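Engineer: Sequence first, predicted model second:
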Amino acid sequence: MAALARPRDGRMIGGVCAALARRFGTSATTMRVIFVVSCLLPGPQFLLYIALWLLLPNQKPGATTAW
């Protein structure tokens, strides 16, 4: 599994969905759809997204992924 860091490429807003997609081996589009669908359910999804945006580090400039 890849390290959990927000990538510099493939970001839409903060790169949180792209980071989670790389971590779990799915596409960023799939992760974004899962997030939007989860927003239809009650819960703190937006607060979690903002917290991950603030807490996840940016990917280092020279770092590459294994795939």
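Structural biologist: The structure has been received and is ready for your questions.

Engineer: Neighbours of residue 16, how many?
Structural biologist: 24 (other C-beta atoms under 10 Å). For every residue, glycine as well, the C-beta is placed using N, CA and C.

Engineer: Correct me if wrong: it contacts residue 53.
Structural biologist: Yes: using C-beta atoms under 8 Å, residue 16 is in contact with residue 53, at 5.4 Å.

Engineer: Overlap in contacts, those two.
Structural biologist: Counting by C-beta atoms under 8 Å, 6 or more residues apart in numbering, the contacts common to residue 16 and residue 53 are residue 6.

Engineer: For stretch 33-50, which outside residues touch it?
Structural biologist: 14, 16-17.

Engineer: In helices, which of these fall?
Structural biologist: In helices, defined here by DSSP state H, the members of these are 16-17.

Engineer: For residue 19, give me its contacts.
Structural biologist: 4-7, 52, 56.

Engineer: Neighbour count says what about the residues you listed? Which are buried?
Structural biologist: 5-7, 52, 56 (16 or more other C-beta atoms under 10 Å).

Engineer: biggest separation within those, which pair?
Structural biologist: Pairwise distances across the buried ones among the contacts of residue 19 peak at 13.4 Å for 7 and 52 (criterion: C-beta to C-beta).

Engineer: what about this structure, any weak spots by pLDDT?
Structural biologist: Along the chain, segments meeting pLDDT under 70 span 1-2, 62-67.
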